[in-house]
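S.K.: Sharing a sequence plus its predicted fold:
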Amino acid sequence: MTIWQFGDHVNTDMLFPGKYTYTCSTAEEIIPHLLEDLDPEFAQKAKPGDILLAGKNFGCGSSREQPVLGLKALDISLVVESASRIFYRAAINQGLLLIECPEAVRAYRKGDDVKIQPAKGQIQINKTIFGFPKFPPEICAIHKAGGLLNYTRQIIKNR
Amino acid sequence: MPQTFAQKILAVKSGRSSVQTGQIVTVKPDHLLMHDNTAAIIQKIEDELKSCGVSDPDFPIVVLDHISPACSEKTAANHQKIRSFVQTHRLNNFFDVGEGICHQVLPERGIARPGRLILGSDSHTCTYGAVGAFSTGIDRTEAAALLLTGETWLKVPETIRIDLTGSLVRPASAKDLVLQIIGDMGADGANYLALEFHGDIENLTMDERFTIANLGVEMGAKIAVFPMDHTTQTFFNSMHINARDFEPVWADRDAVYKKVFKYDLSKIQPVAALPHRVDNVKPVADLPDIKIDQCFIGTCANGRLSDLREAARILKGRKVSSGVRLLVLPASRTILIEAVKEGLINILLESGAVILPPGCGPCLGAHQGVLAPGEICLSTSNRNFRGRMGCRDAEIYLASPAVTAASAITGNITCPEKGDL
């Protein structure tokens, strides 16, 4: 498992360049360009189960869900100091695990062991445990359904 | 208990008498905005659209503006797919290639109104705060869900109040004011928060309010909102929309704010946002000589008639510096028609400008003015992120139309001189 570490204000153009937004919409089309202008090796080397750690205001900028779709398809979890509003909402809607836990991000040093236990609301770095607030019930329901589209399909079915 | 604008409008839209900050409420927005991304949005729900259709044909607004006209077979096919969707579901609010940027079209056609709740699959949907709407960006998946159900959840944000006093002194502009605010607050200074503008609002024109609200998201704001006043009413009167056609909402006098900031408009100076962050703001007067390759006047931040007037005033009888490309993009067909009537387009063409069709143009780096490695662009847009204009090794500076026009003449980033005004 690789821990990918990035700084503050990683914006949507770094996560997925705007020039591809109207030609790539499926995970297969998105993944080759993920983080292209931030870390050109990421798309090739990232593996399911990897963790991405980043600083403040992660995902700021456009209403661009491709990076969220791509990271979800790669099964990567995110722990950030803070996330930008639209990106945070997009993560909920895709069922992508995105945790805001500034203490854990600041405590991490290269080579540390990182474990995320979403159900317990805990992140473990080596032997230190950091808590994060549990999601409100409205958001848990979307996560549980496997994202907003599945959640919406359930609503339509039960009408 | 006194309430903020966000609390009051979200109470109305969720059918409650009052709401608390942090509370999650289910709302039925008045409209959903989509643009070229409509193709990707409907692709997610093809089966459901066949079986259930769209919740309401008046609800979605579709504007083709991002790659407009299409620049490739793929983007042309997207447009084709969107036109077919609009026709199949008999949508009543469709604006095809050439009508303009969605964030200009919605106010100009009277769709964005005081007291309305509008969600859009574009981050600059916050622009309609200028007319007293609660409007904010969402992702494509949420737009897809909204097409089917017409409802979603919102968290009631806390609010920052910004008190404005006095008047702007040219060449300082609304763009300089909002860039200064972003520089002071930081790119996440208003993340998850609402911004309310108070004070001497009557000293700001409608166009200036649109520019300010548009850049709200560059400090993370969920909404950036102005109260409705005489200027707003006059704007709607010009479209034959009168006071009984909307229900304005505004904060109670004693509403509780997270923070309050004060700005004296008379002290605002021309500033620029330096690469590669919108909050990297410095006075233009303090910049060293920065040679530019391209100037871009347009976008949903600064492509309005008053912006073109400002550019034409400075460029009249002058020439764009050799080695500089000046691209000018009127934000809508209506603006372009007016600019032609007023002779502005002629002045700009004679100065050496390239006029682009109404739409998003090169702002998102897909066509019509993409940068080459090592090039520097001075733009009136709202984002200068690395790679934004199509090239990771180019640099983008953001400034007002006045500074951009003056710089096109000198070839360096410069303030307009007194004689230019």
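M.R.: It's in.
S.K.: in chain B, which spans are helices?
M.R.: B:5-13, B:38-43, B:46-52, B:73-88, B:102-108, B:140-149, B:174-185, B:206-214, B:230-237, B:299-302, B:305-315, B:333-341, B:344-351, B:401-410 (DSSP state H).
S.K.: Switch the ones you listed over to CSV, and while doing so, append mean pLDDT to every line.
M.R.: What follows is the helices of chain B, written out as CSV (pLDDT from 0 to 100):
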stretch, mean pLDDT
helix B:5-13, 98
helix B:38-43, 97
helix B:46-52, 95
helix B:73-88, 97
helix B:102-108, 98
helix B:140-149, 97
helix B:174-185, 98
helix B:206-214, 98
helix B:230-237, 97
helix B:299-302, 98
helix B:305-315, 98
helix B:333-341, 98
helix B:344-351, 98
helix B:401-410, 98
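S.K.: Name the stretch among those helices that sits most buried.
M.R.: Ranked by mean neighbour count, the helices of chain B are led by helix B:299-302 with a mean of 30 (mean count of other Cβ atoms under 10 Å in any protein chain shown). Where C-beta positions appear, they are placed from N, C-alpha and C, glycine not excepted.
S.K.: Number of residues surrounding B:Pro57?
M.R.: By other Cβ atoms under 10 Å in any protein chain shown, the residues close to B:Pro57 number 13.
S.K.: What are the phi and psi values at residue 59?
M.R.: The chain I'm using is chain A. According to degrees, to the nearest 10, the main-chain angles of A:Gly59 amount to phi 80, psi 20.
S.K.: Find the nearest non-adjacent residue to it, please.
M.R.: Counting by Cβ to Cβ, 6 or more residues apart in numbering or on different chains, A:Gly59 lies nearest to A:Phe87, which is 2.6 Å off, once chain neighbours are set aside.
S.K.: Flag the shaky bits of chain B, pLDDT-wise.
M.R.: For chain B, the stretches with pLDDT under 70 are B:419, B:421.
S.K.: Over to chain A?
M.R.: Within chain A, no range satisfies pLDDT under 70.
S.K.: The closest residue to B:Asp254 other than its chain neighbours and B:Leu91: what is the separation?
M.R.: Using Cβ to Cβ, 6+ apart and skipping residues adjacent in sequence, the residue nearest B:Asp254 is B:Pro2, 4.0 Å away. B:Pro2 is 40 Å from B:Leu91, where distance means Cβ to Cβ, to the nearest Å.
S.K.: cool, B:Trp153 as well?
M.R.: Remark: distance between B:Trp153 and B:Leu91 (Cβ to Cβ) = 24 Å.
S.K.: How about B:Tyr128?
M.R.: B:Tyr128 is 19 Å from B:Leu91, by Cβ to Cβ.
S.K.: ok, those two, which is more surrounded?
M.R.: B:Tyr128 (31 against 19).
S.K.: and A:Gly49, how many neighbours does it have?
M.R.: Residues near A:Gly49, counting by other Cβ under 10 Å, number 11.
S.K.: residues contacting it?
M.R.: A:Gly49 is in contact with A:Met1, A:Asp75, A:Ile76, counting by Cβ atoms under 8 Å, 6 or more residues apart in numbering or on different chains.
S.K.: residue contacts, the residue nearest to the last one when sequence neighbours are not counted?
M.R.: Distance criterion Cβ to Cβ, 6+ apart; nearest residue to A:Ile76, sequence neighbours excluded, is A:Asp50 at 5.0 Å. Going by Cβ under 8 Å, 6+ apart, A:Asp50 touches A:Met1, A:Thr2, A:Ile3, A:Trp4, A:Leu74, A:Ile76, A:Ser77.
S.K.: Now with 7 Å, please.
M.R.: Neighbouring residues of A:Asp50 by Cβ atoms under 7 Å, 6 or more residues apart in numbering or on different chains: A:Met1, A:Thr2, A:Trp4, A:Ile76.
S.K.: Any part of stretch B:381-390 near chain A?
M.R.: Yes: shown here: stretch B:381-390 in contact with chain A (Cβ under 7 Å from any Cβ of the partner chain) through B:Arg383, B:Phe385, B:Arg386, B:Gly387, B:Arg388, B:Gly390.
S.K.: which residues are contacting that stretch?
M.R.: A:11, A:13-14, A:17-19, A:37, A:61, B:124, B:214-215, B:218, B:273, B:275-276, B:278, B:296, B:299, B:301, B:362-363, B:365-366, B:370-371, B:377, B:392, B:396-398.
S.K.: Likewise for stretch B:164-181?
M.R.: With Cβ under 7 Å, 6+ apart as the test, stretch B:164-181 has contacts from B:162, B:197, B:199-201, B:203-204, B:208, B:211-212, B:215, B:263-266, B:268-271, B:273, B:281, B:301-302, B:380, B:398-400, B:402, B:415-416, B:421.
S.K.: can we see that at 6 Å?
M.R.: Identification of contacts with stretch B:164-181 by Cβ atoms under 6 Å, 6 or more residues apart in numbering or on different chains yields B:199-200, B:203, B:208, B:211-212, B:215, B:263-266, B:268-271, B:273, B:281, B:302, B:400, B:402, B:416, B:421.
S.K.: Let's have the residues of stretch B:381-390 next to chain A in JSON lines, adding neighbour count.
M.R.: Formatted as JSON lines, the residues of stretch B:381-390 next to chain A follow (neighbours: other Cβ atoms under 10 Å in any protein chain shown):
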{"residue": "B:Arg383", "neighbour count": "30"}
{"residue": "B:Phe385", "neighbour count": "24"}
{"residue": "B:Arg386", "neighbour count": "20"}
{"residue": "B:Gly387", "neighbour count": "23"}
{"residue": "B:Arg388", "neighbour count": "32"}
{"residue": "B:Gly390", "neighbour count": "19"}
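S.K.: all strands of chain A, in order?
M.R.: Along chain A, counting by DSSP state E, strands occupy A:3-5, A:51-54, A:77-80, A:98-100, A:114-117, A:122-125, A:128-131.
S.K.: Turn the ones you listed into a markdown table, including distance to B:Gly343.
M.R.: Output for the strands of chain A, formatted as a markdown table (distance: least, Cβ to Cβ, whole Å):
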| stretch | distance to B:Gly343 |
| --- | --- |
| strand A:3-5 | 55 |
| strand A:51-54 | 51 |
| strand A:77-80 | 51 |
| strand A:98-100 | 52 |
| strand A:114-117 | 62 |
| strand A:122-125 | 63 |
| strand A:128-131 | 64 |
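S.K.: would you list these in TSV and tack on distance to A:Thr23 and mean neighbour count?
M.R.: Shown next, in TSV, are those (distance: least, Cβ to Cβ, whole Å; neighbours: other Cβ atoms under 10 Å in any protein chain shown):
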stretch	distance to A:Thr23	mean neighbour count
strand A:3-5	25	16
strand A:51-54	25	22
strand A:77-80	25	23
strand A:98-100	26	20
strand A:114-117	33	14
strand A:122-125	36	20
strand A:128-131	40	14
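S.K.: possible to save the ones you listed as JSON lines with distance to chain B?
M.R.: Listed next are those as JSON lines, based on distance: least, Cβ to the nearest Cβ, whole Å:
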{"stretch": "strand A:3-5", "distance to chain B": "18"}
{"stretch": "strand A:51-54", "distance to chain B": "13"}
{"stretch": "strand A:77-80", "distance to chain B": "11"}
{"stretch": "strand A:98-100", "distance to chain B": "11"}
{"stretch": "strand A:114-117", "distance to chain B": "23"}
{"stretch": "strand A:122-125", "distance to chain B": "21"}
{"stretch": "strand A:128-131", "distance to chain B": "19"}
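S.K.: That'll do, ta.
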